[in-house]
Structure formats: C-alpha cells, structure tokens
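Novice: Task: produce atomic coordinates for the following.
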Amino acid sequence: MSGASQEHGTLALRPGSTGVLPDLPVGTRVRILPNHACATAAQHRQYRVIDGDTATGAPVIETSWARHDGW
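Specialist: You can find the predicted model right below:
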C-alpha cells in the first residue's frame, strides 16, 4: 500500500520490484492495518478499555468510554 485516506488506499509495487499487482475485482476484501486511529475509531460508538492480564489470558472489560463526535 503506497497511500491511504479515510476512505481508500492505493496499492503499488515497491521500487525495483519485479512482482505483479494482483487483479482485484470490485468487492474483494483486502486486510489493511490502518495507519491512523481515526479510520478505525470512527466506526465505533464507544471504546472498551480492557485488561488482558488475567489467569486465562482472556480480555476483561474494565470500563467503556463514549466516543467524542463533532470535530
């Protein structure tokens, strides 16, 4: 991925690469890790603060924070 905005990303080969970009039909799901929290955080009504340091290793919800709107 060579570029991103809130709505889309741009796929490109690395300089010097001899690879070929895949032919991705409309609707193909591509997993991309966001480069900024806004793109992820804006999709939720609240944030859950968790503590994963338990005997079972399962996350425990400690509290929830409401998301601020209206930038």
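Novice: all helices for the chain, in order.
Specialist: For the chain, the helices defined by DSSP state H occupy 37-41.
Novice: can you give me the strands in this structure?
Specialist: Using DSSP state E, the strands found in the chain span residues 3-4, 9-10, 46-51, 60-66.
Novice: and of those strands, who's closest to residue 21?
Specialist: With respect to residue 21, and counting by Cβ to Cβ, the nearest of these is strand 9-10 at 10.7 Å. To be clear about C-beta, it is placed using only N, CA and C from the backbone, and glycine gets the same treatment.
Novice: which helices and strands does that closest one pack with?
Specialist: strand 3-4 (3 or more Cβ pairs under 8 Å, 6 or more residues apart in numbering; DSSP states H and E).
Novice: lowest average confidence, helix or strand, in the chain?
Specialist: helix 37-41 (a mean of 70; mean pLDDT, DSSP states H and E).
Novice: Would you mind putting the strands of the chain into JSON lines with mean pLDDT and mean neighbour count alongside?
Specialist: Shown next, in JSON lines, are the strands of the chain (pLDDT from 0 to 100; neighbours: other Cβ atoms under 10 Å):
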{"stretch": "strand 3-4", "mean pLDDT": "72", "mean neighbour count": "12"}
{"stretch": "strand 9-10", "mean pLDDT": "78", "mean neighbour count": "12"}
{"stretch": "strand 46-51", "mean pLDDT": "84", "mean neighbour count": "11"}
{"stretch": "strand 60-66", "mean pLDDT": "86", "mean neighbour count": "9"}
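Novice: Could I get those in JSON lines, plus columns for distance to residue 40?
Specialist: Formatted as JSON lines, those follow (distance: least, Cβ to Cβ, whole Å):
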{"stretch": "strand 3-4", "distance to residue 40": "12"}
{"stretch": "strand 9-10", "distance to residue 40": "14"}
{"stretch": "strand 46-51", "distance to residue 40": "10"}
{"stretch": "strand 60-66", "distance to residue 40": "15"}
